[in-house]
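1. here is a sequence with its predicted model. Questions after.
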4 protein chains.
Amino acid sequence: MALNPTDEKAGSHDHRPKPDERRRCQRARQAVLTALADLLTEQPLSAISIEAIAKRAGVGKQTIYRWYPDRASLFIDLYDSDVASRVSIPDMGSLEKELNELSLRTWEMWRETARGKAVRHLIATAQSNEQSLSQLQDSFMPKQRRFIEQLLNRAIERGEIKRLKCDAFIDLLIGFHWYHLLTNTLDDESAIPLMISILLKGLSRADGLQPDSSDVTKQE
Amino acid sequence: MALNPTDEKAGSHDHRPKPDERRRCQRARQAVLTALADLLTEQPLSAISIEAIAKRAGVGKQTIYRWYPDRASLFIDLYDSDVASRVSIPDMGSLEKELNELSLRTWEMWRETARGKAVRHLIATAQSNEQSLSQLQDSFMPKQRRFIEQLLNRAIERGEIKRLKCDAFIDLLIGFHWYHLLTNTLDDESAIPLMISILLKGLSRADGLQPDSSDVTKQE
Amino acid sequence: MALNPTDEKAGSHDHRPKPDERRRCQRARQAVLTALADLLTEQPLSAISIEAIAKRAGVGKQTIYRWYPDRASLFIDLYDSDVASRVSIPDMGSLEKELNELSLRTWEMWRETARGKAVRHLIATAQSNEQSLSQLQDSFMPKQRRFIEQLLNRAIERGEIKRLKCDAFIDLLIGFHWYHLLTNTLDDESAIPLMISILLKGLSRADGLQPDSSDVTKQE
Amino acid sequence: MALNPTDEKAGSHDHRPKPDERRRCQRARQAVLTALADLLTEQPLSAISIEAIAKRAGVGKQTIYRWYPDRASLFIDLYDSDVASRVSIPDMGSLEKELNELSLRTWEMWRETARGKAVRHLIATAQSNEQSLSQLQDSFMPKQRRFIEQLLNRAIERGEIKRLKCDAFIDLLIGFHWYHLLTNTLDDESAIPLMISILLKGLSRADGLQPDSSDVTKQE
DNA sequence: ACATAACCGAGACGGTACGTCCGGTCTTGAA
DNA sequence: TTCAAGACCGGACGTACCGTCTCGGTTATGT
């Protein structure tokens, strides 16, 4: 049986000419990201379109499509570009405090820079576009989870909690935030510490008590 | 002097001519819902459009727009029409068992009837359409929450848990499911009992231990 | 009652982005004109729609709307594109003969190329669309009149008739043809020479006999 | 017992439910005609639709469709209903004067009662609807021609002109008016007497001079 | 040092779907 | 039956974006 060497990626007959990252015009890149950021703050989500971004940025549409093969990539690039740093959490000695801090800062950033809208658009887009969904899964979500994992690891080092790889915990935490973001229902930020306290109680007791949940520590 | 009550100016905004629900053609309504259900099972989410639904149903587009002022209403009507009954949970004596049952049945229904896609489209749509968001908030979400509240109330009556109105608990539970639905990541349903056990442990301890979360029981 | 505020007033500060004529795709232009011509010969007038033309031409609707701001422009472009030349009349030494020739050839062309239908659609369209009416007035009618004016001028040079600028004469001639075209009543082409002989007799005597029509020669 | 007159039209495979003229509601009929007349004066031609007329008249659409099988019938009914009388011309002893009077009064009526718009719509409609075209040919046009024929007959009785049945003459006269009506170009009513003088000169000389037009007097 | 690629802006292109409007038919309840 | 009201199916309207494709013009690499 003869393997076709050109077909490394199954099903990919995508003969895209692979743009040369070195020659990328940084001015254009910045213009696009800035334009998108501006539109997000000024316009309703329904007014965000590639065409509008390109026009606002003074950039050809192709320039966007060249560097961002799907919408998700663009929004993720924006999200990463200048925002990640805003939510780095120092060691506060308490996981609960740190999670609260992380959550509150995230919401603050979502609100103030309209990045919340970007996330909403990103998630919405991924529902009807396979490539965008992949980007969401492979690029955006891991980064989001890593923030939380860092805090968990720190707590483990401090001996605050037991060593465990509990995806469900992170799912619950992020799911809570997404839920409120997507439904625009976080009337009261006091819901956050409450939610975290519930989660942490669940976590602290997850060290092998009930037989039907004893596998928590072995998950994954 | 007779005042003409039919004032054409009528500063009121929308003043839509209010279709007469009694005269609604049930055949058309069913055709639309069936067509939508079929498309959801057969087509990718990106292929779902009002136009496609109307064509498939053999119905004029206007007939859809007449009864569903926004896309969300349509999807919610579908969701309600024949699905709710599938996830009624009998009293199983254990909240944990019941929540597990509810979750598993929900995912089963989402999968088998493609109603999961409907929810995904519904949520995505609400991101760029204010009216749809309102429908999501006011019509879809309360119904979803009520399922869980019923189980919680039953557990309270059984004395299994203390009386409490803990929105955060429900947010966490639903948020978890939405998160996995929207990102198409529920590879393993064993994550569900794990998640529920975490939640329940948080809940069971929420009865006024730590001073900073003692208000759990008084919430709302 | 919601009155639909059609754009008829429209101070026409319509800063449309003015498409760049140089970049116009000639293939698309030809495809549109050919498709329209074909539809005119094959279909009843009621089946002629922008959508049908675009589909037949394998062209996006926008491509039509981009270059033809109103329906009239499209039909006039078709009419001009390949038809005008068919009715150029050589000097035959006699105005009557030439007018007969022009008329007969016009009807022949209207019939054989279905351009008569185009004119009918053009005129009908202009009745309910201000822009189309303007196009009819400013673009189509002058060209039609010029054909006749040329013959008249030639006759003047030959000394056949006196110098005069008689709009009414042309109005009568064109009016006659339009009348029969629009009502689909030209059962017998022998009506044409008869009509022309009447007109010409009126013309030949118009050289200042009756005082109340002496201004014929000064008209405009 | 009266015979049911609905089956008069032979060859009609039109299974229309045969409206009973005797039971026709005159209130509804008047309301429709008045509404149409009002819309014609108040609205641009593009705003005239069956739906708008029905709504304005406070009448069901079916009531219009029942009595007017095509749009043309409706407009002709309006035109006939109250307007014809306005252009009856007394014997003025001179055909030219009478034709001028007829023409001027027609334009005056067209303008003042917006009936000109009705005629425009009528003609436009006939371009894309066979039934309407038939109505135009069989009902509207003959009536219009009869006005002129009456004047011609009177002139013949007076001995002013020779006996003749010259369709072309009438075609020219009506064609002239239609042309200016449809193109909204009758800037100056002084064009009318000029046009008529041309026509009449043609007519007065049409009594067998040139051999090739000697058949004028034998026409029809 | 300069040819030659790839970039860039602009925007035309073939399409799909939007949400609205109207045509013409059918249904309902009241008179 | 007729009428007012209006729901119904169908289909065209004109617009907005999609993602692709030229088109000159402008870098900026690499031999």
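-> Here it is on my side, so go on.

2. where does chain A get nearest to chain C, which residue?
-> Relative to chain C, the nearest point of chain A is A:Lys55 (10.6 Å; CB to the nearest CB). For every residue, glycine as well, the C-beta is placed using N, CA and C.

3. which bits of chain A sit near DNA strand E?
-> A:17, A:19-20, A:23-25, A:27-29, A:31, A:55, A:57-63, A:66-67 (CB under 7 Å from any atom of the strand).

4. please indicate which of those residues are buried?
-> A:Ala28, A:Arg29, A:Ala31, A:Ala57, A:Val59, A:Thr63, A:Trp67 (16 or more other CB atoms under 10 Å in any protein chain shown).

5. from memory the fourth one sits against A:Arg27, does it?
-> No: A:Ala57 lies out of contact with A:Arg27 (CB atoms under 8 Å); the separation is 9.9 Å.

6. okay, and the common contacts of the two?
-> Common neighbours of A:Ala57 and A:Arg27, counting by CB atoms under 8 Å, 6 or more residues apart in numbering or on different chains, are absent.

7. nearest residue to the middle of chain A?
-> A:Phe140 (3.9 Å; CA atoms, centre = their mean).

8. just checking, that residue touches A:Asp77?
-> No: if you go by CB under 8 Å, A:Phe140 and A:Asp77 don't touch, sitting 10.4 Å apart.

9. which residues in chain A form helices?
-> A:26-42, A:50-57, A:61-67, A:71-83, A:95-112, A:115-127, A:130-135, A:141-157, A:167-182, A:191-204 (DSSP state H).

10. want to try CSV for those helices, with mean pLDDT and distance to C:Leu36 as columns?
-> Shown next, in CSV, are those (pLDDT from 0 to 100; distance: least, CB to CB, whole Å):
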stretch, mean pLDDT, distance to C:Leu36
helix A:26-42, 97, 40
helix A:50-57, 98, 29
helix A:61-67, 97, 30
helix A:71-83, 91, 37
helix A:95-112, 95, 53
helix A:115-127, 97, 39
helix A:130-135, 98, 39
helix A:141-157, 94, 52
helix A:167-182, 97, 48
helix A:191-204, 90, 63
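
11. among these, which is nearest C:Ile170?
-> Closest to C:Ile170 of the helices of chain A is helix A:50-57 (CB to CB; 48.9 Å).

12. distance between the ends of stretch A:31-51?
-> End-to-end distance for stretch A:31-51, by CA to CA, to the nearest Å: 14 Å.

13. ugh, wrong one, stretch A:177-194
-> Using CA to CA, first and last residues of stretch A:177-194 are 13 Å apart.

14. from what I see, A:Ala114 and A:Leu40 are in contact.
-> Yes: counting by CB under 8 Å, A:Ala114 touches A:Leu40, with 4.0 Å between them.

15. neighbour-wise, which of the two wins?
-> With neighbours defined as other CB atoms under 10 Å in any protein chain shown, A:Ala114 and A:Leu40 compare such that A:Leu40 has more, 23 against 19.

16. against A:Arg66, how distant is the more buried one?
-> Look at A:Leu40 and A:Arg66: by CB to CB, to the nearest Å, they are 22 Å apart.

17. JSON lines for the helices of chain A, including distance to DNA strand F?
-> Output for these, formatted as JSON lines (distance: least, CB to the nearest atom of the strand, whole Å):
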{"stretch": "helix A:26-42", "distance to DNA strand F": "9"}
{"stretch": "helix A:50-57", "distance to DNA strand F": "3"}
{"stretch": "helix A:61-67", "distance to DNA strand F": "4"}
{"stretch": "helix A:71-83", "distance to DNA strand F": "6"}
{"stretch": "helix A:95-112", "distance to DNA strand F": "22"}
{"stretch": "helix A:115-127", "distance to DNA strand F": "9"}
{"stretch": "helix A:130-135", "distance to DNA strand F": "9"}
{"stretch": "helix A:141-157", "distance to DNA strand F": "21"}
{"stretch": "helix A:167-182", "distance to DNA strand F": "20"}
{"stretch": "helix A:191-204", "distance to DNA strand F": "33"}
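
18. stretch A:40-53 and chain B, are they touching?
-> Yes: interface with chain B: stretch A:40-53 contributes A:Pro44, A:Leu45, A:Ser46, A:Ile48 (CB under 8 Å from any CB of the partner chain).
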